[in-house]
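Student: Attaching a predicted model along with its sequence, questions to come.
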Amino acid sequence: MFVQTNRTVYYVFCFVIMLPVCFFLWSCGLDTYYYLEPPIIGSYVEKPVDPENRIFSFYTVQNTGNADVFLGTAVYYKIYNNESLVKSDMASVSSVNLQYSDAAMNRLRSLKYSPLASGQIGDEVLILKSFGSTSVRIRLFSENDYSATVTIGGTDYGIPLRTPLMKGFSFYPENDAAPVPAQGDSDVSYSASPTSADTWYVAAYAVSTGMNTELSPVYSQVLPLGYIMISKN
């Protein structure tokens, strides 16, 4: 009876000692997941004809639940000369664009989408979190009475710029500040069978972005903004 009691006490003692150790080791192996809310669409566009509507528009969100991780909102774009390729790539992104997943952002990277920059603020994070929840309107090129600009909360912050060239999107007339896209440009999907001569399509996505405590990037579900056409005619 005495031996049995000592053995029971010993087992209880070992259990009490080892439980926090096991919990610590187990918790160290867990990955911390950070969820960022995606931006909200303003209007989705599909090569609008009216110059007034040739803009990308959306609303940023503050992501207060992960404020220590959230950096701001980025816009990623790609230039195409074949409309069928635009639709094919957008369908590919849509197929993996799930909530609580950065798979769509990874797909954009694999498709070589580039971050959009502006003349006054950065490129990797176009709209910093300090702007709060606000409206964003992006007009890529000037036409008629409309000027190329990145407008955040009603204030203009320079013209949209391609990266890494840091050049504009006003391809016509040709100029050094906004050269016509060329085969080999990192932000261009160039097809030997263009949809139409002297016509380009620019597709874009917005995404909330951040950085975790391990200094790894964190992304929300992506927001498709649509695509616009830039034509010499």
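Tutor: The structure has been received and is ready for your questions.
Student: going forward, measure contacts between C-alpha atoms and count neighbours the same way
Tutor: OK.
Student: Isn't V61 up against S130?
Tutor: No: V61 sits out of contact with S130 when judged by CA atoms under 8 Å, with a separation of 11.0 Å.
Student: Alpha carbons only: can I get stretch 50-63 in CSV?
Tutor: Output in CSV follows, covering the C-alpha atoms of stretch 50-63 (Å, rounded to 0.1, in the frame of the first residue of the first chain):
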residue,chain,number,x,y,z
ASP,A,50,-15.9,56.8,-71.8
PRO,A,51,-12.8,58.6,-70.7
GLU,A,52,-14.6,59.7,-67.5
ASN,A,53,-14.8,56.1,-66.4
ARG,A,54,-11.3,55.1,-67.3
ILE,A,55,-10.1,54.9,-63.7
PHE,A,56,-9.4,52.3,-61.0
SER,A,57,-11.3,53.1,-57.8
PHE,A,58,-11.5,51.4,-54.4
TYR,A,59,-11.6,52.1,-50.7
THR,A,60,-8.9,51.2,-48.2
VAL,A,61,-9.6,49.6,-44.8
GLN,A,62,-7.8,50.4,-41.6
ASN,A,63,-7.3,46.8,-40.3
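Student: which residues sit against it?
Tutor: Stretch 50-63 has contacts (CA atoms under 8 Å, 6 or more residues apart in numbering) with 36-45, 47-48, 70, 73, 129, 132-140, 143-144, 146, 204, 208, 225-226, 228.
Student: do the same with stretch 160-171
Tutor: 114-119, 123, 138-142, 148-150, 159, 177-181, 187, 230.
Student: now it: mean pLDDT?
Tutor: Per-residue pLDDT over stretch 160-171 has a mean of 93.
Student: In this protein, where is pLDDT below threshold?
Tutor: Applying pLDDT under 70 to the chain flags the ranges 1-33, 122-123, 233.
Student: Which stretches in it count as helices?
Tutor: Shown for the chain, the helices assigned by DSSP state H span residues 2-28, 83-94, 103-110.
Student: and V150, what does it touch?
Tutor: So V150 contacts S118, V136, R137, I138, R139, D156, Y157, G158, I159, P160 (CA under 8 Å, 6+ apart).
Student: State which strand of this protein is the longest.
Tutor: If you go by DSSP state E, the chain has its longest strand at strand 199-211.
Student: tell me the angle of that one relative to helix 103-110?
Tutor: 130 degrees (axes from the mean of the first three to the mean of the last three CA atoms, to 10 degrees).
Student: now strand 199-211, how far from the chain's geometric center?
Tutor: Between the centre of strand 199-211 and the centre of its chain there are 5 Å (CA atoms, centre = their mean, to the nearest Å).
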